[in-house]
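# Please find the sequence and the predicted model below.
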Amino acid sequence: MEQAPALNADAQGGGSEPEVPQTTVRAIICVIISVGFFGLCYGYSLPVLSLIMERAQLSETLIGLNTALSSVAVLVFGPFVPRLLGRFGLRAPIFASIILGVAMIPPIAFTEPLYAWFPLRFVLGAVIFTALIAADIWVTQGASARTRGRVVGFYSAAMAGGIVAGPNLISVTGSEGLAPFYCAGGLLAAAIVPMLFAYGPVPSVARSHTPRLHSFVFSVPIAAISVFIFGFMNASLLSLLPIYGLRLGASETRAATLVSLVMGGSVLLQPFIGMVADKMPKSLVLGLLGGLGCGAAVLLPLCFEYTAVAYAALFVLGGSVAGLYAVSLAILGDRFVGGALAAAVTVYTMLTAGGATVGPVLSGAAMDQFRPDGFPASIAFAMLLVPLIGVISWFSGRTARARP
């Protein structure tokens, strides 16, 4: 708790850095469009690579481990990203990350999943998440305090919208041959086009604070667990929900559609969740979302044969998961500004990556051990942690205030 002021020194007026570094509306729009292509590539590549590994007869645990390596890279390199961005700015690392990411696609296409894909996906994860951290900071710092909520909302919707559309491309390309890799590489390469028009001033991060994970966790514990669970859920659902569908007898196309339903809820329910968060305490909204997502996960195996009910449960689950991200980001914006916000965004991304690292591993192991319903059980337990941490932090706060 004592370290929290180190993160929000600027918010307290302790720094001279301006609250909103100069940029242009055009540049922010270009970054948002580019992130939409990132989301499209992410939403397409995770399920299609999982299907390829499934056809190669890899176990669910190995599929989960392979998926998690992208996020492990964020945890390894995340602490160095602010220094990298402080030296080279935001624009150059985004360009370099896209180019290096596209260069990783051919080696993945022409190697065996069991061995070569593990180090390749580690490197791919490092470069892509570096670009996303830079984009997060660009949009969050570039927006004014008056419009930050709306701008970040469009930014989140662009990423989620791309992820929604991604799995649908599997029905066009299939999961065999080189077509999936051409598609993934093309989507990632397309992200560089809008960035060519993002010229002009760029938010400065040269004086950003060093990110301190423990400071963020203890200053806003329910937001910290929420972004961690968001990463857990996002990676698990994208990579293993199609496999869960196949285990229950669904076709490959329908299995991919399950992911689209989850992501559809994550896009369409965000405006409603945002309105609720404006009228209620945000921490309470996070707890309610966790409970709602837990209930939807419990309902899924009970009603999978009833298509409409199962689809509704997945839609609600997707909205609940995306709400954890959006509401936590709003809490972040309420507490931090300037360089402190840049450090907090980096920590935010690392926490999300931490969840994405353990999520596919634990969910895949649960499906292996209790197939196939160990998967929704792991999802329900993860979502239940959000209101549980909220209640614990609330009682801890009351106890601290009651001390003489």
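Perfect, I can see it now.
# OK, contacts around residue 319?
265, 266, 268, 269, 270, 273 (C-beta atoms under 8 Å, 6 or more residues apart in numbering). The way it works is simple: take the backbone N, C-alpha and C, and place the C-beta from them, glycine included.
# Just the CA coordinates for the host helix or strand of the second one, please, in PDB.
What that stands for is residue 266. Using DSSP states H and E, residue 266 sits within helix 252-268. Below are the C-alpha coordinates for helix 252-268, written out as PDB (Å, rounded to 0.1, in the frame of the first residue of the first chain):
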ATOM      1  CA  GLU A 252     -15.500 -27.700 -36.800                       C
ATOM      2  CA  THR A 253     -17.500 -24.700 -38.200                       C
ATOM      3  CA  ARG A 254     -19.900 -24.700 -35.200                       C
ATOM      4  CA  ALA A 255     -17.000 -25.000 -32.800                       C
ATOM      5  CA  ALA A 256     -15.400 -21.900 -34.300                       C
ATOM      6  CA  THR A 257     -18.800 -20.100 -34.100                       C
ATOM      7  CA  LEU A 258     -18.900 -20.600 -30.300                       C
ATOM      8  CA  VAL A 259     -15.900 -18.200 -30.000                       C
ATOM      9  CA  SER A 260     -17.700 -15.700 -32.200                       C
ATOM     10  CA  LEU A 261     -20.700 -15.800 -29.800                       C
ATOM     11  CA  VAL A 262     -18.500 -15.100 -26.800                       C
ATOM     12  CA  MET A 263     -16.800 -12.200 -28.600                       C
ATOM     13  CA  GLY A 264     -20.100 -10.900 -29.900                       C
ATOM     14  CA  GLY A 265     -21.200 -10.500 -26.300                       C
ATOM     15  CA  SER A 266     -17.900  -8.700 -25.500                       C
ATOM     16  CA  VAL A 267     -18.600  -6.100 -28.200                       C
ATOM     17  CA  LEU A 268     -22.400  -5.600 -28.000                       C
END
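# ok, back up a step: among the contacts of residue 319, who's most crowded?
Most neighbours among these, by other C-beta atoms under 10 Å: residue 266, with 32 neighbours.
# can you give me the helices in the stretch 201-350 of the chain?
Along the stretch 201-350 of the chain, the stretches classed as helices by DSSP state H, counting those that start in this stretch are 213-219, 221-247, 252-268, 270-279, 282-303, 307-335, 338-369.
# how about residue 58, secondary structure?
For residue 58, the assignment made with DSSP: H, G, I helix; E, B strand; the rest coil gives coil.
# burial count for it?
Residues contacting residue 58 under the criterion other C-beta under 10 Å number 18.
# What about it? Give its phi and psi, please.
Torsion angles at residue 58 (phi, psi; degrees, to the nearest 10) stand at phi -80, psi 150.
# Distance check, it against residue 122.
17 Å (C-beta to C-beta, to the nearest Å).
# Same question for residue 267.
29 Å.
# Kindly report the same for residue 249.
Counting by C-beta to C-beta, the gap from residue 249 to residue 122 is 34 Å.
# Compare neighbour counts for the two and give me the winner.
Comparing residue 249 with residue 122 by other C-beta under 10 Å, the one with more neighbours is residue 122, at 18 against 10.
# among the helices of the stretch 201-350 of the chain, which is the most enclosed?
Of all the helices of the stretch 201-350 of the chain, helix 221-247 carries the top mean neighbour count, a mean of 26, counting by mean count of other C-beta atoms under 10 Å.
# How about the residue positioned nearest the centre of the chain: what's its closest non-neighbour residue?
Nearest to the mean C-alpha position of the chain, by C-alpha atoms, centre = their mean, lies residue 231 at 5.1 Å. Leaving aside its chain neighbours, residue 231 sits nearest to residue 355 (2.9 Å; criterion: C-beta to C-beta, 6 or more residues apart in numbering).
# Do I have it right that the one you found meets residue 224?
No: Residue 355 lies out of contact with residue 224 (C-beta atoms under 8 Å); the separation is 10.4 Å.
# among the helices of the stretch 201-350 of the chain, which is nearest residue 96?
Between residue 96 and the helices of the stretch 201-350 of the chain, the tightest spacing by C-beta to C-beta is seen for helix 338-369, at 17.6 Å.
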